[in-house]
Structure formats: C-alpha cells, structure tokens
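Chemist: Sequence unavailable; structure follows:
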Ligand SMILES: [Zn+2]
C-alpha cells in the first residue's frame, strides 16, 4: 500500500507575524555552514576494502544550509554536505527537531549529500560494509551524534539569518568527466572499475545547474550548483570532499564572500574518467568550477514567482528474500559481505521475525518561480532517471534532477537497469545490504508516478 504524504508549505502563521512578508514579491535567503571533519581518526565511508581508520585530511569537510523564503512566506531549507549518505532515521531525527523549533513541514527540508568516498563511514543501512572493530563503530556512532547536532545548528542559523535576496538561475556544461561503469558485453553488463575500460556511451547528464543568490546590492552570497558523477576519484586515508570539495573551494575563491554548495545528481553508475590521483580530483573540480563561472557570466533566468514544494514517501518492494537453505549455503561463502548478509538474515529468521521486503523512498519536488523545477530523488538513482524526467518536463525552462536526497539506501535502478542486472541493477543489494534482494519490476513506475503526483501538486 502506498503511504502517500503530499503536503504543502503553507506558512500562514509566519505570514501573519512577519512584518516584511506584507511587502510581497520579495525572496529571502539565509545561510550557514560548519566544518564537519572528524576531530580524531575514524573509519572512512564508501569503499568496503579499507583496512584502517583515517590519517589526517586533504581539506575540511562541510555541512552547509540554505534557507529560502518565497514571496508568500513559504520556506524551504536545502542542506548539502561532504558526506557519503545517511539512513532515513538520521534525516527524520534532524527533521523532527527542526519541525519542533520552526514548524518547518517535512516537504520543506531536503538533505543532499555529495557522496564523497573520502569522508567518515556514516551508516547508509544496517549491515556493515566495513571491516571495523567495535571500537571503530563506537567512534562512528559518536561522530554521527555530533554531526546531527551540527546539522541542526546550521539549519537553525540559516533560518535565523533570512534576509532579502535576489535569485536567478543559469546552467553550463563542463568538459564532461563522468562516464558509465556499466559496460555492455555479449555476456551482459560488466562492472568496469578501471579508468581505461569505462564505457563512454549510455545515459549521462552533463549539465551543471546553478542557482545564484545575491543580496539587494547584487553581491553574490551563495551559489548552489550540481553535477552527476560519483565522487570516487580518490581512494585515500585522508578526509577530502573529492571533486565536489575542490569545486566548492574553487568557486568560493572565485567569488569571495559567497558560499558554494554542491548537489549530487543522478550518478548511480557514473564515475570519473580519471581516478586515484589528487591532481585528477582537482582537475574535475576545476572543470566544474569553470562551468559554474561560465553559467554565472551567461544568461540568467530571474526567479520571481512563488516557491512551492511537495514531498512523498513512496514504498518500494524488494524481491522475496533468499530461502533458508540458500542463506545457509551463503554462510560458507568466501565472500565476506555475502556471509555477513546471510548471517544477518538467518538471525532474523531464527528469531521468527519477518524479513522486511519494503523500503521507504523519499521524493521531493520544489518549484522556484514558474521556470525552474527541482526534483530530488533519494538513493543513488541511475542517470536514466534524469534523462527521462528532463524530457518529460521540457515545458519548464529548466528541470534540475538530483539524487542522494534524504536517504541513501543504495542504487535506485530504472526498469531497464534492473532487467539488465549488474551492480546497480541489484548486485549491491544481493551482497552488501540488509535488504532482502533487488527491487521488483515496479520500481521505476512507482518513482515516476510519485514524481508526477508531486509535480502536479506544485503546478496547481
Ligand atoms: Zn555510491
């Protein structure tokens, strides 16, 4: 059954009490950011093969919050961070506190993560991917609790800093560096992880959307930009935002006084075409920062209509879990992840509990004025989602499709990718997560139908 929650950000109370709201047609924005680099060595996230905790940093990691208030008093807070991704429990805890403090409804809070693989090993889902000791796990738990407070602090400050602002939108294209690791072969889709053997075909979204926020004097205060590519250039033991971290740094250097915020796109299978050297991470960051600059120098679409947002938490189904005898067989496997998963599921069965076969999938739609439609999917959506949604909503001047919003449960395949199989089609779920199996064939239909309902709501 669908759990449908479509709500609107009607802030009637705020309109009633806000002296500036009466002037109408004025947008307001507030900003805040904080360093979130762990203060002591902790296990790092993203790669299952790491063997030890972090050893220092290349640069700091950040959480950044942008609060927006439309001319009618509706608010949205967008938070970005140099973090791998979160459980839905983390996002819900942050939301509950922010809702308690400010009355912000669920649809008006969106947490995007860059998905850097050189950040702390914040949990994505229950089953550990990593070979950590209990002590390492305790340190990560303590870090996540600390991080939650940082999120609440920056969001609260951003809401508290709301000031009149002028918004405009533009877009650019970098020298593309995202390529697909799903390599088509006569035997089916092969996972190609070496830079010399990636597939340069397949769907991709090389657009760099840019939202510029200036004060009433025209000084740029914030630049929100996006790109779709897994931040896996580096595989080091030092904290680093990977190419999005460098891109934000370069944009802030080019626009002193402005906060640069990176939004990750539909990059499930997209990876950088050059990896493992810091120069490559810097080069991708530079390409992206240059595209942002070009967009800011080019034609701007002014945002002067209203702000509308909608949210839904659809339910996705997993295929039935493996039978007990398959799990018992997997217990003998040499594959550590498959073994850990089998032990986890058998433990549930032995306790006579049910193996969960559904997953909540948060979906966001935000409309900036009449021209810009922002669609935020959860999980790690494959690029085909971006291509389909952009094609479908071409009537808008620009459609921005993001992934990695609110809950990173792993890859979100389209029907085609699910049918083709491979790592993003279901391989990750089979081995590395606690979930019962790959999604059922309804996955894409449910996601797209969910987005259709939300777009309709913000279009009325
Ligand atoms: Zn990933």
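Modeler: Nice, I can see it. Since the structure is predicted, the reported quantities are computational estimates derived from the model, not experimental observations.

Chemist: Contacts only, for the spatially most central residue of the chain.
Modeler: The centroid of the chain falls nearest to residue 404 when counting by C-alpha atoms, centre = their mean (2.1 Å). When contacts are counted by C-beta atoms under 8 Å, 6 or more residues apart in numbering, residue 404 is found next to 85, 112-115, 264, 378-380. For the C-beta atoms, the positions are set from N, CA and C on the backbone; glycine is no exception.

Chemist: Among these, which one sits closest to residue 304?
Modeler: Nearest to residue 304 among the contacts of residue 404, counting by C-beta to C-beta, is residue 112 at 24.5 Å.

Chemist: Identify the residues contacting that closest one.
Modeler: Residue 112 is in contact with 78-81, 263-264, 376, 402, 404-405, counting by C-beta under 8 Å, 6+ apart.

Chemist: so where do the strands sit in the stretch 101-250 of the chain?
Modeler: Assigned by DSSP state E, counting those that start in this stretch, the stretch 101-250 of the chain shows strands spanning 109-113, 163-172, 178-180, 182-185, 188-191, 208-214, 220-227.

Chemist: Quick one: the helices in the stretch 201-350 of the chain, in order.
Modeler: Assigned by DSSP state H, counting those that start in this stretch, the helices in the stretch 201-350 of the chain fall at 242-254, 278-297, 324-330, 336-350.

Chemist: Need the winner for burial among those.
Modeler: Of all the helices of the stretch 201-350 of the chain, helix 242-254 has the most neighbours on average by mean count of other C-beta atoms under 10 Å, namely a mean of 24.

Chemist: Just the angle for that helix relative to strand 109-113, thanks.
Modeler: Per axes from the mean of the first three to the mean of the last three C-alpha atoms, to 10 degrees, the angle that helix 242-254 makes with strand 109-113 is 110 degrees.

Chemist: So the residue lying farthest from the centre of the chain versus residue 379, what's the distance?
Modeler: Farthest-out residue of the chain from its mean C-alpha position, per C-alpha atoms, centre = their mean: residue 325, at 36.8 Å. Separation of residue 325 from residue 379 (C-beta to C-beta, to the nearest Å): 30 Å.

Chemist: which intervals of the protein have sub-threshold pLDDT?
Modeler: Applying pLDDT under 70 to the chain flags residues 1-25, 195-196.

Chemist: quick revisit: to residue 47, which of the strands of the stretch 101-250 of the chain lies closest?
Modeler: Residue 47 sits nearest to strand 188-191 of all the strands of the stretch 101-250 of the chain, at 14.4 Å, using C-beta to C-beta.

Chemist: Mind listing the strands the closest one pairs with, and their directions?
Modeler: Taking DSSP bridges as the criterion, strand 188-191 pairs within the sheet with strand 182-185 (antiparallel).

Chemist: Bridged to the residue lying closest to residue 404 once chain neighbours are set aside, which residues?
Modeler: Distance criterion C-beta to C-beta, 6 or more residues apart in numbering; nearest residue to residue 404, sequence neighbours excluded, is residue 264 at 4.3 Å. Note on residue 264: beta-bridge partners by DSSP bridges are residue 227.

Chemist: Counting neighbours, what do you get for residue 264?
Modeler: Using other C-beta atoms under 10 Å, residue 264 has 26 neighbouring residues.

Chemist: and if you look at the one 10 residues further on?
Modeler: Counted with other C-beta under 10 Å, the burial measure for residue 274 works out to 16 neighbours.

Chemist: Would you quantify the distance from it to residue 427?
Modeler: Relative to residue 427, and taking C-beta to C-beta, residue 274 is found at 25 Å.

Chemist: rewinding a little: most widely separated two among the contacts of residue 112?
Modeler: Among the contacts of residue 112, the pair separated by the greatest distance (C-beta to C-beta) is 81 and 376, at 14.4 Å.

Chemist: And the two? Which one has more around it.
Modeler: Taking neighbours as other C-beta under 10 Å, residue 81 and residue 376 compare with residue 81 leading, 30 against 25.

Chemist: Show the contacting residues for that one.
Modeler: Residue 81 is in contact with 36, 61-64, 111-114, 151, counting by C-beta under 8 Å, 6+ apart.

Chemist: Just the buried residues of the residues you listed.
Modeler: Among those, those buried by neighbour count (16 or more other C-beta atoms under 10 Å) are 36, 61-64, 111-114, 151.

Chemist: Around residue 391, how many other residues sit close by?
Modeler: For residue 391, the tally of surrounding residues (other C-beta under 10 Å) stands at 9.

Chemist: swap that for residue 257, please
Modeler: 10.

Chemist: That one reaches residue 222, doesn't it?
Modeler: No - between residue 257 and residue 222 there is no contact under C-beta atoms under 8 Å: 10.0 Å.

Chemist: re earlier: got a markdown table for the contacts of residue 112, with distance to residue 232 and secondary structure too?
Modeler: Formatted as a markdown table, those follow (distance: C-beta to C-beta, whole Å; DSSP: H, G, I helix; E, B strand; the rest coil):
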| residue | distance to residue 232 | secondary structure |
| --- | --- | --- |
| 78 | 24 | strand |
| 79 | 22 | strand |
| 80 | 18 | strand |
| 81 | 17 | strand |
| 263 | 17 | strand |
| 264 | 12 | strand |
| 376 | 22 | strand |
| 402 | 18 | strand |
| 404 | 13 | coil |
| 405 | 19 | strand |
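
Chemist: Just name the closest of the residues you listed to residue 157, please.
Modeler: Distances from residue 157 to the contacts of residue 112, taken by C-beta to C-beta, are shortest for residue 79, at 11.6 Å.

Chemist: For the closest one, give me its contacts.
Modeler: Contact analysis of residue 79 by C-beta under 8 Å, 6+ apart lists 63-66, 109-112, 151, 154-155.

Chemist: Likewise for residue 301?
Modeler: Residues in contact with residue 301, defined by C-beta under 8 Å, 6+ apart, are 168-170, 371-372, 397-398.

Chemist: Make a PyMOL selection of the buried ones in those residues.
Modeler: Selection of buried members from those for PyMOL, criterion 16+ other C-beta under 10 Å:
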select buried, resi 168+169+170+372+398
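
Chemist: If you drop the residues flanking it in sequence, what lies closest to residue 280?
Modeler: Leaving out its chain neighbours, the residue that sits closest to residue 280 by C-beta to C-beta, 6+ apart is residue 274, at 4.2 Å.

Chemist: which residues sit in contact with that neighbour?
Modeler: Contacts of residue 274 (C-beta under 8 Å, 6+ apart): 177, 195, 233, 280, 283-284.

Chemist: Now distance to residue 119 too, for these, in TSV please.
Modeler: Formatted as TSV, the contacts of residue 274 follow (distance: C-beta to C-beta, whole Å):
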residue	distance to residue 119
177	20
195	22
233	13
280	18
283	20
284	17
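
Chemist: between those, which is closest to residue 211?
Modeler: residue 284 (20.9 Å).

Chemist: now that closest one: how far from residue 215?
Modeler: Taking C-beta to C-beta as the measure, residue 284 falls 31 Å from residue 215.

Chemist: before we move on, what about residue 329?
Modeler: From residue 329 over to residue 215 the distance is 63 Å, taken as C-beta to C-beta.
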